[in-house]
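> generate a structure from the sequence data that follows.
(one chain, ligands or ions: 1)
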Amino acid sequence: MKKLIVGNWKMNGSMEDARVLIANTINSLDAQKEILKKCEVVVCPPFLHIPAVRHAIYGFPELRFGAQNCSAHEDGAHTGEISASMLRDSSCTYVIVGHSERRTLCKETDEEIGEKVKTALRYDLSPIVCVGETQEEREAGQQQEVVGRQLAAALPKLETYHNLAIAYEPVWAIGSGNAATPQDIQEMHAFIREQLKNYSKAHEDIRILYGGSVKPDNAAVTLSIPNVNGALIGGASLKADSFLAIAKAS
Ligand code: 13P
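The predicted structure follows:
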């Protein structure tokens, strides 16, 4: 199974910044093509920058791209939303669903996230479903209960999950510079792997990514933990060098 290395650019940068970042990412990956033997590399720009990224990637299809969110609804009267069908039409292959920033800032519920996963799959997008506990929940020892609940709400029972991935991102590790410890990551990823048996016969094919302060200097250790099948990277994906150093570490 190839590792899945995903850059979540979040809400950062101008159109010009996006053009420069994607050009640097392509050039750097082109110069280190051996990375692609072990990894699938994906970038998720803000919606408005997707056409520029798509244009740049046209001659370099080994690099994939996706979106950071999609609507749970079909096309229609949903002002301000972007549908899964529009993402498909824009050649996205992946979509991040249920990121903790959206759960917190946009009050997305487990149920809504479940609907988004179903809609994304209907349009042949591969959802990257984010789960993870807050600091308070971990201190109360509730991390498995929380993640188990989030998975139960997000995952429909299906024969195939069309390349769906789970991203375990403990909320307290995101953007903090303090990644979870290898032991915490190993325990949670083993728990998630076990839970996946309840949802799909193809559970062994589902990649489980870790996210939260992944940097070049902790990438090799993180990506060698059992059941860590990739990484979802925020800050370090905004520089081509650090993003691809993480991919290379796998
Ligand atoms: P950082 O890598 O900046 O901690 O962000 C992680 C994240 O939220 C990726 O989705």
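> tell me the mean pLDDT for the helix or strand that contains residue 188?
Secondary structure assigned from DSSP states H and E places residue 188 in helix 182-196. For helix 182-196, the mean per-residue pLDDT is 97.
> strand partners (parallel or antiparallel) of the following helix or strand past that helix?
Per DSSP H and E, the first helix or strand lying C-terminal to helix 182-196 is strand 207-211. Strand 207-211 sits in its sheet next to strand 165-168 (parallel), strand 230-233 (parallel), going by DSSP bridges.
> the helices in the protein, which residues?
15-31, 35-38, 50-57, 84-89, 100-105, 110-122, 135-139, 143-154, 182-196, 216-223, 240-249 (DSSP state H).
> elements contacting the longest one?
In this case it means helix 15-31. strand 39-44, helix 50-57, strand 63-67, helix 240-249 (3 or more C-beta pairs under 8 Å, 6 or more residues apart in numbering; DSSP states H and E). C-beta coordinates here come from the backbone N, C-alpha and C atoms, glycine included.
> tell me how far residue 241 lies from the ligand.
Here residue 241 is placed at a distance of 15 Å from the ligand (C-beta to the nearest ligand atom, to the nearest Å).
> how near is that residue to residue 208?
Taking C-beta to C-beta, to the nearest Å as the criterion, residue 241 is separated from residue 208 by 26 Å.
> right, so of the strands paired with strand 207-211, which gets closest to the ligand?
strand 230-233 (4.5 Å; C-beta to the nearest ligand atom).
> circling back to that earlier point, tell me which of the helices and strands packed on helix 15-31 is the most buried.
strand 39-44 (a mean of 24; mean count of other C-beta atoms under 10 Å).
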